[in-house]
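Kindly return the folded structure for what I paste below:
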Amino acid sequence: MIPLLSRRTFTKTAGAALALSAIPSWAKAWDLASVGAAQSFDYAWLKGHARFLASQPHKRAAQPLPPSIAKLDWDQHQSIRYRLTHSLWRKLGLRFRAQFFHLGMYQTTPVHVFEVDGGKAAEIAYDKALFDYGKSGLDPSKLPKDLGFAGVQLSFDTDWSRDVAAFLGASYFRAVGASFQYGLSARGLAVDCGLPRPEEFPVFTAFFLERPAKGSSTLIVNALLESESITGAYRFAITPGTNMIMDVDAALYPRKAIERLGIAPLTSMYQCGENDRRMANDFRPEIHDSDGLAMWTGSGEWIWRPIGNPRKLRFNAYADKAPRGFGLLQRDRNFDHYQDDGVFYEKRPSVWVEPKGDWGQGSVQLIEIPTVDETFDNIVAFWNPSEPTKAGQELLFGYRLHWGAQPPAVPALGHVVATRTGLGGVVGQKRTRYSRRFAIDFAGGTLATLPKDAKVEPVIEVSRGNIKIPSARPLREINGYRAIFDLEPLDESEEPVNLRMFLRAGGKPLTETWMYQWSLPPAGKRGLW
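Numbering: from 1, shown residues only. Purely as a prediction, here's the structure:
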């Protein structure tokens, strides 16, 4: 079982950060007003350093917080603010600035942060004067002078008061699109996620921020990743816009064999929605950061897999070769469907993973974990290569992350806009057997232009059970079609049922493929009314 991840931080496991001695001895501290001695740095060096570390025994560093910080509660820790007047590059007239997170709560071990300028890197020193301690109750004069930072946040000249990306906790990071709304998270790497043992969380132990050229709209962030099983060197080319684009290059060096390696992992939250009402105990109709997993396969097929909040952990692997893209999306952008005027779920960004080059054989893997409320991330998706991960390898992966309301690639055919489920049966007729109804709405493609006499049919496949009363009819409110069918289980088994469906006319597909996994209720809870 993998642990639920608190949404109040990127992870509760960031305290298991790794040895600070991994940073080269030449690094010297400097404050934001001056730069001390620096040494040469580039991404090639970082890759070599990560490879070297992989050949050494892994070291964990116990880093207890000072008692005054360790006892802070959530609200006290949140009141500590970085002073924007002390932002990195503020006085240089650049389009980017950087600020830093204070240690506390789940962030107990500092990360090293370096500025890279002219091919030279020097470490940025912690200074208590950089922070406004607000209502935390901390006495800054009693804090250690070398306390360190918990993470990095970045701001852009479109709005200096709001950050556009943040790296905080293990290898977690988030970004925003045009809405400036945070939502789901990405990670550098997932290791043994979803297995029946504790998951391993690699950690970004150092960040190297390259000072951008004046007028440049792209910022380069390099990061060193470490864990018991693997090390890695990452390069993020970050370009804000309507969609934030992160061009990522990762070089990975396993220390030992890894059973399940997760490339470009995404982590999100789904409590309840149109297709899953199990935990619908709130006045808000829907509560989720993402409503589905989208996949564009190497063969060109588009797949939409609605996600849910199951009673038991669900794991699915969708085999593919040379995938063109995948992502956790928030397709539903209607405020009325959420009724949340505080966190605005309809504005949460989608994240699309666009592989660079041929990733070969593997699978997009999806893990759905039960959750009782919206404070925990319970959805994970990533690419898992088929080739076993062995010690001593160099694994190179390149991809782009697109953060925003709409992914850069969309199906040319009709796409799913809603999935609804409910009790099956025919209105006005007595039900004699339990069944589940599925109603799937499609829009886009050629659906709006089909003639009235078009013979549109749903093509349905299920792993077990009987399909009843299937139909497809125009839904003019969305200029599309609605497919409806009932699924009647044949036994009392609670094993999930896999479903697959698309719309067809004249022997040709009209829509992307809808895929679903239905977790049947216990036999004693399959009521007819």
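
from the chain's centre, how far out does stretch 182-193 sit?
5 Å (C-alpha atoms, centre = their mean, to the nearest Å).

Alpha carbons of it, in CSV - could you do that?
Extracted C-alpha coordinates of stretch 182-193, given in CSV (Å, rounded to 0.1, in the frame of the first residue of the first chain):
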residue,chain,number,x,y,z
TYR,A,182,-2.2,25.6,-8.5
GLY,A,183,-3.7,22.1,-8.6
LEU,A,184,-2.1,18.7,-9.1
SER,A,185,1.7,18.1,-8.7
ALA,A,186,4.4,16.5,-10.7
ARG,A,187,7.4,14.6,-9.4
GLY,A,188,10.9,14.0,-10.5
LEU,A,189,10.6,10.2,-10.2
ALA,A,190,8.4,7.5,-8.6
VAL,A,191,10.0,4.4,-7.2
ASP,A,192,8.0,1.3,-6.4
CYS,A,193,4.7,3.2,-6.3
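
If you average the pLDDT over it, what comes out?
For stretch 182-193, mean pLDDT is 98.

and if you look at stretch 211-223?
Per-residue pLDDT over stretch 211-223 has a mean of 98.

and the gap between the nearest residue to Asn243 once chain neighbours are set aside and Tyr481?
Distances taken as C-beta to C-beta, 6 or more residues apart in numbering place Gly404 nearest to Asn243, at 3.4 Å, with adjacent residues excluded. For glycine as for every other residue, the C-beta is placed from the backbone atoms N, C-alpha and C. Look at Gly404 and Tyr481: by C-beta to C-beta, to the nearest Å, they are 27 Å apart.

got it, and Asp127?
Taking C-beta to C-beta, one finds Asp127 at 61 Å from Tyr481.

between the two, which one's more packed in?
Taking other C-beta atoms under 10 Å, Asp127 and Tyr481 do not tie; Tyr481 has more neighbours (25 against 17).

what are the bridge partners for the more buried one, then?
Counting by DSSP bridges, Tyr481 forms beta bridges with Phe442, Pro474.

for Phe204, same thing?
Phe204 forms beta bridges with Leu225, as assigned by DSSP bridges.

list the contacts for it?
By C-beta atoms under 8 Å, 6 or more residues apart in numbering, the contact list for Phe204 reads 111, 167, 170-171, 188, 223-225, 234.

now with 10 Å?
Counting by C-beta atoms under 10 Å, 6 or more residues apart in numbering, Phe204 makes contact with 14, 17-18, 111-112, 151-152, 167-173, 187-189, 221, 223-226, 232, 234.

My read is that the residue nearest to Asn243 contacts Met246, right?
No. Using C-beta atoms under 10 Å, Gly404 is not in contact with Met246, being 11.5 Å away.

Can you check which residues contact both of those two?
175, 351.

What's the per-residue pLDDT of Phe376 here?
Phe376 is assigned a predicted lDDT (pLDDT) of 92.

right, and it touches Met279 too?
No. Under the criterion of C-beta under 10 Å, Phe376 makes no contact with Met279, lying 11.3 Å away.

Where does the residue nearest the centre of the chain sit, in terms of helix or strand?
By C-alpha atoms, centre = their mean, the chain has its centre lying nearest to Leu266, at 2.6 Å. In the assignment (DSSP states H and E), Leu266 maps to strand 261-268.

what about the helices in the protein?
43-54, 67-70, 74-78 (DSSP state H).

And those: which comes nearest Leu147?
Closest to Leu147 of the helices of the chain is helix 67-70 (C-beta to C-beta; 8.1 Å).

what packs against that closest one?
On a contact count with 3 or more C-beta pairs under 10 Å, 6 or more residues apart in numbering; DSSP states H and E, helix 67-70 meets no helix or strand.

Quick check: buried residues in it?
Ile69 (16 or more other C-beta atoms under 10 Å).

looking at this protein, which helix or strand does the model trust least?
Ranked by mean pLDDT, DSSP states H and E, the weakest helix or strand in the chain is strand 29-30, scoring a mean of 34.

With Pro306 as the reference, measure out to Leu503.
16 Å.

Show me the domain layout of the chain.
5-404, 415-525 (automatic domain parsing).

Just say which of the ones you listed is most tucked in.
Per-stretch averages of neighbours, counted by mean count of other C-beta atoms under 10 Å, single out domain 5-404 among those, with a mean of 19.

Tell me how far stretch 126-136 lies from the chain's centre.
30 Å.

Report the contact partners of His176.
Just to correct that, residue 176 is Val rather than His. 156, 162-166, 182-183, 240, 243-244, 347-349, 403-404.

Which member of those is positioned nearest Asp132?
Nearest to Asp132 among the contacts of Val176, with distances taken as C-beta to C-beta, is Asp163, at 15.8 Å.

Hmm, that closest one is touching Gln153, no?
Yes. Taking C-beta under 10 Å as the definition, Asp163 is a contact partner of Gln153 at 4.2 Å.

Quickly list what's touching both of the two.
By C-beta under 10 Å, 6+ apart, the residues touching both Asp163 and Gln153 are 82, 97-99, 174.

Most widely separated two among those?
Arg97 and Arg174 (17.5 Å).

ends of stretch 458-467, how far apart?
11 Å (C-alpha to C-alpha, to the nearest Å).

Now Phe173. Nearest residue, chain neighbours left out?
Closest to Phe173 by C-beta to C-beta, 6+ apart is Phe167, at 4.4 Å.

Contact partners for the one you found?
Going by C-beta under 10 Å, 6+ apart, Phe167 touches 10, 101, 111, 113, 150-154, 173-175, 188, 204, 207, 221, 223, 236.

Could you do Leu293 as well?
Contact analysis of Leu293 by C-beta under 10 Å, 6+ apart lists 266, 268, 303-307, 316, 318, 326-329, 364-366, 368, 379, 381, 515.

Ala412 too?
300, 302, 444-446, 512.

TSV for those residues, including pLDDT?
Formatted as TSV, those follow (pLDDT from 0 to 100):
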residue	pLDDT
Gly300	97
Trp302	98
Gly444	97
Gly445	97
Thr446	97
Glu512	98
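
Look up how far Ile379 lies from Ile245.
Applying C-beta to C-beta to Ile245 and Ile379 gives a distance of 23 Å.

Which pLDDT does the model give the closest residue in space to His112 that isn't next to it in sequence?
Using C-beta to C-beta, 6+ apart and skipping the chain neighbours, the partner closest in space to His112 is Ala206 (4.2 Å). Ala206 is assigned 95 on the pLDDT scale.

if I look at the nearest residue to Leu168 once chain neighbours are set aside, how far off is Val111?
Closest residue to Leu168 apart from its sequence neighbours, by C-beta to C-beta, 6+ apart: Gly151 at 3.5 Å. Note on Gly151: its distance to Val111, by C-beta to C-beta, is 6 Å.

what is in contact with the two at once?
Contacts common to Gly151 and Val111, judged by C-beta under 10 Å, 6+ apart, are 14, 100-101, 103, 167-169, 204, 207.

and these, which of them are in strands?
100-101, 167-168, 204, 207 (DSSP state E).

Report the contact partners of Lys214.
So Lys214 contacts 92-95 (C-beta under 10 Å, 6+ apart).

out of the shared contacts of Asp163 and Gln153, who's nearest Leu46?
Distances from Leu46 to the shared contacts of Asp163 and Gln153, taken as C-beta to C-beta, are shortest for Ala98 (18.2 Å).

mind listing what that closest one touches?
Applying C-beta under 10 Å, 6+ apart to Ala98 gives the contacts 32, 82, 87-90, 113, 115, 124, 152-155, 163, 165, 207, 209, 211, 219, 221.
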